[in-house]
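In: sequence and computational prediction follow.
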Amino acid sequence: MSLRIYVSGLHSDPNPSPGLGVARALRHGYPSVKLVGVDYSPRSSGASDEIFDEVIIMNSWEEVDLETYRHQIEQWISEAESYWISGLDVETWWLASVFPNSERVLVPPFSALEQIKKPKFTALKYFPFSTPPYIEAMKSDDDIYEFFAAHGYDVWVKGPYYEAKRVRNWWDLKREIHVLSEVWGGEVYIQAHVEGREETLAYVAYRGELLDAVYLTKLITTREGKTWGGRIYEPPEEVLEALRRAVKQLGWTGGGEMEFIRTSESLYLIDWNPRFPAWIYGAVIAGRNLPAYLIEAASGVPHVKTPGIARDFVRIIYEVPSKFYINEPLVIKSIREASYKHPSGMPALSRRLKRTTPQAPQILSGVFPLDNDTARELREKIEGETPKYVFLKSILENQINKLVSTLHAVAGEFPWINIRAAYSIKTNPDGRVLEIARHKGLMAEAISQLEVRKATKYGFKCGDIILNGPGKFWPRLICSGFHAVFADSLSELRRILNRGEDLAEVVGVRIQHPLVKQRFGVAVNSFEETVNMFTLVKSINVKFGVHFHIPSSIIGVSKWFEIYKSIIKYIKLLESVIGKKISAVDIGGGWTPKSFDSAFLPRLVELVSYASRNLPSLEEFLMEPGKALVEPSFWLITRVLDVRTRSWGREVVVDASVAEMPSAPLKPHPVLYYDEDTSEFYMLRKGEDRILGRLCMEDDILAFDIKLPEKVKEGDIFVFLNVGAYDMSMSYKFGRG
Amino acid sequence: MTALDEVLKIAETYLPTEIFSHHDEECEVARKYLIALDRLLMPDNPLEPPSWLREKYRWGPVQHPMFWCQLIRARELDCGAFSAVVREIYQSRGVVALPVQAILEYPLHVIQHWKEMWRKKGISINWIWEKYVYHEIVGVISKDNKIKIYDPVENVWINPLGYVERGRLVALRIIGGPSRLYWEGRHIITNRWYFVKGH
């Protein structure tokens, strides 16, 4: 009796399927086995390897009739001692659904697959580790953006089975969500990037019994992060024990792969695949033949055991004659945005399987809750010319009140430290905002003398102003006795010192952190600049302060707290080197409204405490919020100019544009629709429609992936929320004649 | 062919590299500058090596004795200078770090290039004996007298089986510290040569 084993997934490029590795492992363990390679395209180049006795190139997954294919497979594996090992994730799901409890199709039960489904991985309950934070792409853009900002604009967009793209800006994020949803048929999610070492666990089980497992550290990786060289280890005991328990509970059959990121503190699961990894032959080189264990358990035929040759392996590339005819490629002008290439055609199967999943109906959400004053103001402003910004005073007051009450509470714990916030004028220099900020007891932060003039016009004294930025004395100095001045460079510090001691109560420097690329401040990474700074600082005869400004939305919230601590430790050492007391620390701003409320304010006491412990002479703790206070307090009213029906959805053109909302490509703005019939405002939900700006610019897209109301028509009103920060202050006049 | 015994005898006469101070402000500021930079870049775990140092400096020949005021302006450091700075940084973090001397074996075609690098700078090649080279690395002590050995030039933890890229670790000697240390399950007697597996 001879074994006949079908192995699928033969694609062999730097991001290969595991079929070839599985086949080589089986040939090693069973030299006389009949190996039948299965794939869905002759372009899956591993199909041409001599190792296969036969190769079946099936129709593409777009063409395969699933019922016919089920019968074919049933017939093929009905021959004595025939087995099927799948190397394709989506095929595994399909096989598990159509061959439940099969003794020949060696895949996990469907119920097990559901428990390892991304991104929840419910089977993780058996393990002592977690996954990095994630958010599903079906959530609101506002929530996704907040997640994106909280993780330093550095996340992965991941498909439901496979494929991951690292993205760093909002536009790319939205694009990749769109592309991956189209490629895989939905269920896309976004996961925080975690910096660490990549490790992988490969295992094999039969009917809930763990047969073997190996651990891999990647030594060489491709640009996509795929293994190109690795070292095989025994899995850590606590992982092995948990795996044994999980495999039993899941009733697992077949190969599996868990992919991890190891940081200095934690192990994170980033992927769990229901098949052997492509590097599985690397484990054979180390003396661990996992595919052969599987066949032995299923067939009872013992495999030939060979000792390991080496713990380390590398991949190489070499050419072989092609066994299959492949069409010569034509130059194709692709009109599809979704263009990921998968010779094995898995996305097509994924889309076909997803088609059976009913889509949630897309409707308007309920009436958007507005207080009476806001609703009245909005209704009044709808009349007349649009587009137009609306100032919502109560929102601004509420934001500032939260800040002020936190400052008071924290100040109570540190009565010897003056804890102050200075409103960042550049964020929005609207006089009404400045007046409220001053009235609530905030100072002001200015980056030019024009801003100083504006601040004094609205009641700020020069002693309530912090000067920052590279052009703070432009166009000419209009007063002195500022609260603080932070030099942006050493040459500027020299000029500040030359202006005399009455310029400001605190004179300091802004410093650059070596881990964050910035053009502002003293480069402490340079010894020369640092030493020159030491020398100059010695001649400061007023209070000395240090300023840093690294927006949390650039580096991520948790990283911001790490960097804050490292800077305080640095300043502490600075104090001892220059022999000068650090009296003031200014931590800048750059928080989104949500992260300010949820992460910054609740931890302010911890921040001040840390600074106080390390800097005993600290007298002032300063911050410069702008966006966090003012962004939600202005909205933009716009009117529909045109309604267009496209094959994929609808678009409206409105009289607003990126000129009034320049951050539209960088962040989402929630949108309200004003229903004339009910005189109520409704929040738009996600969908496939778009709102376009009035300008003749390709990028003038104000909202995408939204669902327009069925009855939308020319002249209808939409309201974009949260335009109170740089949308207003950086708006421009393009297209207005 | 130079025998390993002869190499070890010569290496035994070498003292671990130190960076010297002129005992003036310039040297002191330079030393503290590097420590301050480490505060900005240091990982949460103080035992983790200051891997940023290898990005700041290339590896190459330097003239000894070297002073802090020279080191801070240098573009490249040799293994001894790297190790000395790393020890200083660990010490500032409150971690005990010991000098470790090592003998490694490399193919001659690799060694030829190193000889050229040193010859072109006019610095004496007193660390190469045919296929053997003298190297300085750092032993980082954690609790229970456990030691991990860090190579600041390669920017890796040394593998106790003696594997290094392009060559192999033949022997090492930890200088100072307690008389006995534990290196990934192996007992090491300090101040004596320890021969890695197979030697």
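Out: Great, that's in hand. Residues are numbered from 1 along each chain as shown, chains lettered A, B, ... in the order given.
In: going forward, measure contacts and count neighbours with C-alpha atoms only.
Out: OK.
In: who touches stretch A:90-98?
Out: Stretch A:90-98 has contacts (CA atoms under 8 Å, 6 or more residues apart in numbering or on different chains) with A:70, A:86, A:105, A:107-110, A:113, A:161, A:274-275, A:346, A:349-350.
In: ok, the longest strand along chain B: who's next to it in the sheet?
Out: Ranked by residue count and defined by DSSP state E, the top strand of chain B is strand B:132-142. The pairing partners recorded for strand B:132-142 under DSSP bridges are strand B:97-105 (antiparallel), strand B:128-129 (antiparallel), strand B:146-151 (antiparallel).
In: just give me how far the shortest one sits from the chain centre.
Out: Per CA atoms, centre = their mean, to the nearest Å, the displacement of strand B:128-129 from the mean C-alpha position of its chain is 17 Å.
In: same question for that strand, mean pLDDT?
Out: Averaged over strand B:128-129, pLDDT sits at 96.
In: can you put the strands paired with strand B:132-142 in JSON lines and add mean neighbour count?
Out: Listed next are the strands paired with strand B:132-142 as JSON lines, based on neighbours: other CA atoms under 10 Å in any protein chain shown:
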{"stretch": "strand B:97-105", "mean neighbour count": "23"}
{"stretch": "strand B:128-129", "mean neighbour count": "18"}
{"stretch": "strand B:146-151", "mean neighbour count": "22"}
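In: quick revisit: need the max-distance pair from the contacts of stretch A:90-98.
Out: A:70 and A:161 (21.4 Å; CA to CA).
In: which one of these two has more residues nearby?
Out: residue A:161 (23 against 15; other CA atoms under 10 Å in any protein chain shown).
In: re the thing from before, redo the strands paired with strand B:132-142 as CSV? Include distance to residue A:200.
Out: As requested, the strands paired with strand B:132-142 are exported to CSV (distance: least, CA to CA, whole Å):
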stretch, distance to residue A:200
strand B:97-105, 31
strand B:128-129, 40
strand B:146-151, 24
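In: isn't residue A:246 up against residue A:123?
Out: Yes. Using CA atoms under 8 Å, residue A:246 is in contact with residue A:123, at 7.0 Å.
In: please name the nearest non-neighbouring residue to residue A:38.
Out: The shortest distance from residue A:38 to any non-neighbouring residue, by CA to CA, 6 or more residues apart in numbering or on different chains, is to residue A:8 (4.4 Å).
In: related to what we said a few turns ago, and the contacts of stretch A:90-98, which is closest to residue A:415?
Out: Among the contacts of stretch A:90-98, and counting by CA to CA, the member closest to residue A:415 is residue A:161, at 55.4 Å.
In: from the chain's centre, how far out does the helix or strand bottoming out on mean pLDDT in chain A sit?
Out: Least confident helix or strand of chain A, by mean pLDDT, DSSP states H and E, is helix A:346-354 with a mean of 73. How far helix A:346-354 lies from its chain's middle: 25 Å, per CA atoms, centre = their mean.
In: which neighbouring elements make contact with it?
Out: Helices and strands touching helix A:346-354, by 3 or more CA pairs under 8 Å, 6 or more residues apart in numbering or on different chains; DSSP states H and E, are helix A:89-98, helix A:170-184.
In: what's next to the helix or strand following that helix, contact-wise?
Out: Using DSSP states H and E, the helix or strand that follows helix A:346-354 towards the C-terminus is helix A:372-382. Here helix A:372-382 makes contact (CA under 8 Å, 6+ apart) with A:388, A:390, A:392, A:637, A:717.
In: please redo it, this time with the cut-off set to 7 Å
Out: A:392, A:637 (CA atoms under 7 Å, 6 or more residues apart in numbering or on different chains).
In: state the next helix or strand along the chain beyond it.
Out: By DSSP H and E, the next helix or strand past helix A:372-382 is strand A:388-391.
In: list the buried ones in whichever helix or strand comes after that next one?
Out: Downstream of strand A:388-391, the next assigned helix or strand under DSSP H and E is helix A:393-413. For helix A:393-413, the neighbour count (16 or more other CA atoms under 10 Å in any protein chain shown) marks A:393, A:395-397, A:399-400, A:403-404, A:406-407, A:410-411 as buried.
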